[in-house]
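Colleague: Quick one, structure for this:
(chains A and B)
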2 protein chains.
Amino acid sequence: MSVAYPPLSTVEADPYESRVGAEWSAQPRQDPVVWGSAEGPLAEPQLTQYAEQGYFAATELLSLNEAAELLAEANALAAAADVTAADVIAEPNSKVVRSLFRLHRTNDRIRQLVKDPRLADVARQMLGSEVYVHQCRVNFKPAFQGKEFFWHSDFETWHVEDGMTRMRAVSLSINLTENNEFNGPLMVVRGSHEYYIQCAGQTPANHFEQSLRKQEYGVPSREALLFLVEQGEIVAPKGGPGSALFFECNTMHGSVGNLSPYPRTNLFIVYNSVDNGLVAPFGGLPPRPEFLAERELIPVTVL
Amino acid sequence: MSVAYPPLSTVEADPYESRVGAEWSAQPRQDPVVWGSAEGPLAEPQLTQYAEQGYFAATELLSLNEAAELLAEANALAAAADVTAADVIAEPNSKVVRSLFRLHRTNDRIRQLVKDPRLADVARQMLGSEVYVHQCRVNFKPAFQGKEFFWHSDFETWHVEDGMTRMRAVSLSINLTENNEFNGPLMVVRGSHEYYIQCAGQTPANHFEQSLRKQEYGVPSREALLFLVEQGEIVAPKGGPGSALFFECNTMHGSVGNLSPYPRTNLFIVYNSVDNGLVAPFGGLPPRPEFLAERELIPVTVL
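Modeller: Numbering: from 1, shown residues only, chains lettered A, B, ... in the order given. Prediction:
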């Protein structure tokens, strides 16, 4: 499942160009999904499943106790958060906190957690190298009012807006509350990581200030989504507190709103390979702020 | 399961007052759920289930063929619809048709269908009398863009805004497309029909023109919803084309948006007892238009 890849310098043009024209396209992925053949916590069938599906559901990655402690910490941070701060994102038209960023740098408990071998060793095994944290946030989808998030590939944004060269990152979403059928669980399109969807349109400057609240650019076309769903299918892995989902950086995902009385609170950690550190954004605009895309490459071992 | 009820004249005040103050309240329902003990298509355990849960899932109520024909008809009507007409409701900020109304009066196929004993006899059995159609519509929840609809009791609106006196009506939602986990299926709160939720706030005149697109009044409080969910639970019955859900007029229900590539199209028929015809709206404002609330009481037998 490990595939040799051409060094970027031999590729004539950016293989992951996006937002450069009026048309969408679907290109085969240019990178392996599992890099190398490192030892790690996952058994071969689990790794194969991840490589084929673009995600891996890790039930009970953390204990219920650990999840409860993290939830209490996250809620305390949200309650104390300054909703006017750049790295605190509130719901559209309200002051309800939607995301708190960069917790791997600002919070001791979470800094320890991202180094935890139960998490980081899986990332190392998938990415075939030492890893660092590209982004770390808590996502709150509050009861009765959590908003939907339309389908997107994180890699598309990270490539165009942050300068991530290769598909050599993996996201980890850890349930701090139960993620069930009714509170807007993450939906992923199985197998979608195998296609790079070039989005239509161009990115305006400072797009990120709006995109965290409401997406307008880097949005895949409906035709592209239909194409992906026809190749695979939509799945919404669910689970109790402490269960988690690893998903490949190019896996198409989204989530509906939360009309239920059950808050959905997840800790989201993006591991990137230390061999895939950010360069200048491929979209040509200045890079986004570091709370969205860590530019200081600190391996988690020394974090 | 049939319960004697006091004639309205013996009740000192409107038992289903709503939108009269700043507070919400939950009152026990004053009416039976199953009226009388008429013979009908449902077996005793099915009727008991309906009485206890507030809904009854009728799988394969119509054949796949019938559902396909109705879907084709609905899509043709939507394509030809004038989105500026009063009885055509479009999505907020777009011209995508969300609802077509009064099809039991304007469309031959649907006029025949509402009289069909597979449908009407169930309604007669539940309501213990001859029935007429209070409202009939096709609800479109288009792929990728169908909007959420927040929790509500239809009876609350029909009582306050239309003048429906008693809880003696039943809604029937027939799937014309599959209703699955991802296209915003109807969610109901099991057992919620047993409580009347008085909503806070007052109704402005011509509220209906906005409420079909975006709800602001007659919205249950979060505390009320928590109370109901604690008594029962949220369920989202799913099923293929032709499957259907009968749900009691006071059952709390809602649905999330549709981010999937699967359109969700349902035919919605409200049967009311001929002994429960509309009077002046209990909220004191002029009645809503007839496409929303039929005031001409025509038993389905002679429709």
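Colleague: Most proximal residue of chain A with respect to chain B?
Modeller: A:Val256 (4.4 Å; C-beta to the nearest C-beta). C-beta here means a position set from N, CA and C on the backbone, and glycine is covered the same way.
Colleague: for that residue, what are its contacts?
Modeller: By C-beta atoms under 8 Å, 6 or more residues apart in numbering or on different chains, the residues touching A:Val256 are A:Glu148, A:Gly184, A:Met187, B:Glu148, B:Gly184, B:Val256, B:Gly257, B:Leu259.
Colleague: most surrounded residue in the residues you listed?
Modeller: Within the contacts of A:Val256, most neighbours by other C-beta atoms under 10 Å in any protein chain shown means B:Val256, with 27 neighbours.
Colleague: Need the pLDDT of it.
Modeller: In this model, B:Val256 is scored at 97, pLDDT.
Colleague: next one: phi and psi at it?
Modeller: phi -90, psi 170 (degrees, to the nearest 10).
Colleague: so how far is A:Ala143 from the nearest residue in space to it that is not next to it in sequence?
Modeller: Residue nearest to B:Val256 in three dimensions, not counting chain neighbours: A:Val256, with 4.4 Å by C-beta to C-beta, 6 or more residues apart in numbering or on different chains. Distance, A:Val256 to A:Ala143, by C-beta to C-beta, to the nearest Å: 14 Å.
Colleague: So which bits of chain A are right by chain B?
Modeller: A:143-144, A:148, A:150-151, A:181-182, A:184, A:187, A:222, A:225-226, A:229, A:234, A:236, A:254-257, A:259-261 (C-beta under 8 Å from any C-beta of the partner chain).
Colleague: where are the low-confidence patches of the stretch 101-250 of chain A?
Modeller: A:204-216 (pLDDT under 70).
Colleague: For it, which segments count as strands?
Modeller: Assigned by DSSP state E, counting those that start in this stretch, the strands in the stretch 101-250 of chain A fall at A:131-141, A:149-152, A:169-175, A:187-189, A:195-198, A:234-235, A:244-248.
Colleague: what pLDDT does A:Asn93 get?
Modeller: Reported pLDDT for A:Asn93: 69.
Colleague: Excluding chain neighbours, what is closest to A:Ser129?
Modeller: A:Ser273 (4.6 Å).
Colleague: Now the one you found: phi and psi?
Modeller: Per degrees, to the nearest 10, the backbone of A:Ser273 is at phi -70, psi 140.
Colleague: ok, it - contacts?
Modeller: Here A:Ser273 is in contact with A:Trp35, A:Leu127, A:Gly128, A:Ser129, A:Glu130, A:Val131, A:Arg166, A:Arg168, A:Ala169 (C-beta under 8 Å, 6+ apart).
Colleague: Let's have those residues in TSV, adding neighbour count and distance to B:Pro286.
Modeller: As requested, the contacts of A:Ser273 are exported to TSV (neighbours: other C-beta atoms under 10 Å in any protein chain shown; distance: C-beta to C-beta, whole Å):
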residue	neighbour count	distance to B:Pro286
A:Trp35	23	69
A:Leu127	26	66
A:Gly128	18	71
A:Ser129	18	71
A:Glu130	17	71
A:Val131	29	66
A:Arg166	21	65
A:Arg168	25	65
A:Ala169	24	60
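Colleague: Identify those among the residues you listed that sit within helices.
Modeller: A:Leu127 (DSSP state H).
Colleague: Pick out the most distant pair among the contacts of A:Ser273.
Modeller: A:Glu130 and A:Arg166 (15.1 Å; C-beta to C-beta).
Colleague: Give the burial count for A:Val279, as a bare number.
Modeller: Neighbours around A:Val279, by other C-beta under 10 Å: 13.
Colleague: Would you map the helices across chain A?
Modeller: A:44-53, A:64-80, A:103-106, A:108-115, A:117-127, A:154-157, A:207-211, A:222-231.
Colleague: Go through these and pick out the most buried.
Modeller: Ranked by average neighbour count under the criterion mean count of other C-beta atoms under 10 Å in any protein chain shown, the helices of chain A are headed by helix A:154-157 at a mean of 25.
Colleague: Can I get that helix as CSV, trimmed to CA atoms?
Modeller: The C-alpha atoms that make up helix A:154-157 are tabulated as CSV, following Å, rounded to 0.1, in the frame of the first residue of the first chain:
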residue,chain,number,x,y,z
ASP,A,154,-9.3,20.2,4.1
PHE,A,155,-6.3,19.5,1.9
GLU,A,156,-7.7,21.8,-0.8
THR,A,157,-7.7,24.7,1.6
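Colleague: Tell me how far that helix lies from the chain's centre.
Modeller: 8 Å (C-alpha atoms, centre = their mean, to the nearest Å).
Colleague: I'd like to know which elements that helix is packed against.
Modeller: Where contact means 3 or more C-beta pairs under 8 Å, 6 or more residues apart in numbering or on different chains; DSSP states H and E, helix A:154-157 is packed against strand A:195-198.
Colleague: Give the partner strands of the strand it packs on in its sheet and their orientations.
Modeller: Partners of strand A:195-198 in the sheet, by DSSP bridges, are strand A:25-28 (antiparallel).
Colleague: List the buried residues in the partner strand.
Modeller: A:Ser25, A:Ala26 (16 or more other C-beta atoms under 10 Å in any protein chain shown).
Colleague: tell me the mean pLDDT over it?
Modeller: Computed over strand A:25-28, the average pLDDT equals 94.
Colleague: Need the contact partners of it.
Modeller: Contacts for strand A:25-28 (C-beta under 8 Å, 6+ apart): A:Pro15, A:Glu194, A:Tyr195, A:Tyr196, A:Ile197, A:Gln198, A:Ala224, A:Phe227, A:Leu228.
Colleague: what do you get if the cut-off is 10 Å, keeping everything else the same?
Modeller: A:15-18, A:192, A:194-200, A:220-221, A:223-224, A:227-228, A:231 (C-beta atoms under 10 Å, 6 or more residues apart in numbering or on different chains).
Colleague: Spell out for me the ChimeraX command that would select the buried members of the residues you listed.
Modeller: Buried residues within these, by 16+ other C-beta under 10 Å, are selected in ChimeraX with:
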select /A:15,16,17,18,192,194,195,196,197,198,199,200,220,221,224,227,228
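Colleague: how close does the residue positioned nearest the centre of chain A sit to A:Trp158?
Modeller: Taking C-alpha atoms, centre = their mean, the centroid of chain A lies closest to A:Ser171, which sits 4.3 Å from it. Distance, A:Ser171 to A:Trp158, by C-beta to C-beta: 10 Å.
Colleague: and if you look at A:Arg264?
Modeller: Taking C-beta to C-beta, one finds A:Arg264 at 23 Å from A:Trp158.
Colleague: Please say which of those two ends up with more neighbours.
Modeller: Between A:Arg264 and A:Trp158, counted using other C-beta under 10 Å, the more crowded position is A:Trp158 (29 against 24).
Colleague: which residues does that one contact?
Modeller: A:16, A:134-135, A:164-165, A:167, A:169, A:218, A:249-250, A:270, A:272, A:276, A:278, A:281-282, A:288, A:292-293.
Colleague: Show the buried residues in these.
Modeller: A:16, A:134-135, A:164-165, A:167, A:169, A:218, A:249-250, A:270, A:272, A:276, A:278, A:281-282, A:288, A:292-293.
Colleague: how about A:Ala22, what does it touch?
Modeller: Counting by C-beta under 10 Å, 6+ apart, A:Ala22 has contacts A:Ala200, A:Gly201, A:Gln202.
Colleague: scratch that, A:Glu69
Modeller: A:Glu69 neighbours (C-beta under 10 Å, 6+ apart): A:Leu62, A:Ser63, A:Arg109, A:Leu176.
Colleague: Filter the residues you listed down to the buried ones, PyMOL style.
Modeller: The PyMOL selection below is limited to those of the contacts of A:Glu69 classed as buried (16+ other C-beta under 10 Å):
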select buried, chain A and resi 62+176
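Colleague: can I get the contacts of A:Glu69 in JSON lines with distance to B:Ala90?
Modeller: Putting these into JSON lines (distance: C-beta to C-beta, whole Å) gives the following:
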{"residue": "A:Leu62", "distance to B:Ala90": "46"}
{"residue": "A:Ser63", "distance to B:Ala90": "50"}
{"residue": "A:Arg109", "distance to B:Ala90": "49"}
{"residue": "A:Leu176", "distance to B:Ala90": "39"}
